[in-house]
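Student: I need the structure of the sequence given here:
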Amino acid sequence: MPETEKGPLLTDETFFQSCLDLDRPEMREVRHFAEKHDYGQARSALAASLRSGLAARRERFLAIPYEEPENVYKYPGETDEEACERLRKHVLISVGVPCDFGAAGEINWKANPTYNQYREWTWQLNRHHEWKMLAHEYNRTKKEAYAYQAAEFFRSWVRQAVRPEQSVSGYDTECWRTIECGIRMGANWPYVLFTFFDTEAFTDDLLVDWYQSVWEHGQRLYRNRTHGNWLIMEMNGLAQIGILYPQFKQREEWLQSAFAALEEELGRQIYPDGFQ
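Tutor: Predicted coordinates:
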């Protein structure tokens, strides 16, 4: 795929005409502009509709206990607040190895600073545990800088991390292994979205780009599932998309597919002799 190509690949034309369920009552204004192919106004209307729906569900979502992500993205003994201030300087850690991208520079989400080119550094960087931590610290401190940092990370990532073709396997991509897709969708991105959707940092365009990228994640997880423990994380991510993004036309198909795959894998891994 050409390096000049930027994500999300999904065009507004395809997104509004083929991916969104415009028959939903809250999408009435979005449909009005989409039918006129006025995608600038459609984006604004969609963002307003999304914020309204997210606001109605935020308290319930954030009542779910915060799950501390694995700590290999922090220094030993580093507090979350200290880590968030480090992130603002663009010093990121993956599998225990730090990389300083420079406070004025952009994160390279395909980088690998390890001496032996250990590929897990790049793959696990793309799980976005740091984004979730920024959101958690924002909920505790209301420090707007954390919202802007999360928004910067997303914009940088979504431009660089172009969705691969369906034929590309997980091991042939830095940013789109299906296990990372499942982890992003199943844990980290939902928490970020429900925290920051109504901040100044999360503009209308950012919010729509976010949903476009989530749709791309859904398609990859639906079409490129694997097996074993990876499948559990993949299908958890796909199920979360089906539950948390009701605006997508494919959400019911994705949800039912994820549940069926999870039930089958549950039987294989935990109850190989059948349910009791």
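
Student: what's the closest non-adjacent residue to residue 163?
Tutor: residue 216 (4.5 Å; C-beta to C-beta, 6 or more residues apart in numbering). Placement of C-beta: from N, CA and C, glycine included.

Student: that neighbour and residue 11 touch, don't they?
Tutor: No - judged on C-beta atoms under 8 Å, residue 216 makes no contact with residue 11 at a distance of 11.6 Å.

Student: who's more crowded, these two?
Tutor: Set residue 216 next to residue 11 and count neighbours by other C-beta atoms under 10 Å: residue 216 wins out with 23 against 12.

Student: that older thread, OK, contacts around the residue nearest to residue 163?
Tutor: Applying C-beta atoms under 8 Å, 6 or more residues apart in numbering to residue 216 gives the contacts 7-10, 163.

Student: and the helix or strand bottoming out on mean pLDDT in the chain, what does it pack against?
Tutor: Lowest on mean pLDDT, DSSP states H and E among the helices and strands of the chain sits helix 251-269, with a mean of 92. When contacts are defined as 3 or more C-beta pairs under 8 Å, 6 or more residues apart in numbering; DSSP states H and E, helix 251-269 sits against helix 204-223, helix 228-244.

Student: for that helix, C-alpha coordinates in CSV please.
Tutor: Extracted C-alpha coordinates of helix 251-269, given in CSV (Å, rounded to 0.1, in the frame of the first residue of the first chain):
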residue,chain,number,x,y,z
ARG,A,251,-23.8,-4.2,14.0
GLU,A,252,-26.3,-7.0,14.4
GLU,A,253,-24.5,-9.3,12.0
TRP,A,254,-21.1,-8.5,13.7
LEU,A,255,-22.6,-9.0,17.1
GLN,A,256,-24.3,-12.4,16.3
SER,A,257,-21.1,-13.6,14.6
ALA,A,258,-19.0,-12.6,17.6
PHE,A,259,-21.3,-14.3,20.1
ALA,A,260,-21.4,-17.5,18.0
ALA,A,261,-17.7,-17.7,17.7
LEU,A,262,-17.2,-17.0,21.4
GLU,A,263,-19.6,-19.7,22.4
GLU,A,264,-17.9,-22.2,20.1
GLU,A,265,-14.5,-21.3,21.4
LEU,A,266,-15.7,-21.4,25.0
GLY,A,267,-16.8,-25.0,24.3
ARG,A,268,-13.5,-25.8,22.8
GLN,A,269,-11.2,-24.3,25.5
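
Student: what's the angle from it to helix 204-223?
Tutor: 40 degrees (axes from the mean of the first three to the mean of the last three C-alpha atoms, to 10 degrees).

Student: hmm, who's touching helix 251-269?
Tutor: Here helix 251-269 makes contact (C-beta under 8 Å, 6+ apart) with 21, 218, 221-222, 225, 227-228, 231-232, 235-236, 238-239, 241-243, 245, 248, 274-275.

Student: what of stretch 127-138?
Tutor: Contacts to stretch 127-138, defined as C-beta under 8 Å, 6+ apart, come from residues 66, 69-70, 73, 80-81, 83-84, 87, 92, 143-144, 146-147, 149-150, 153-154, 157, 180, 183-184, 187-189, 191-192, 195-196.

Student: so of these, which ones are in strands?
Tutor: The strands, defined by DSSP state E, take in residue 92 from the contacts of stretch 127-138.

Student: so how far is residue 178 from residue 159?
Tutor: Using C-beta to C-beta, to the nearest Å, we find residue 159 at a distance of 21 Å from residue 178.

Student: ok, residue 65 - contacts?
Tutor: Residues in contact with residue 65 (C-beta under 8 Å, 6+ apart): none are found.

Student: begin at 851 from now on, thanks
Tutor: Will do, 851 is the new start, and the previous item becomes residue 915.

Student: phi, psi for it please.
Tutor: Main-chain torsions, residue 915, degrees, to the nearest 10: phi -60, psi 140.
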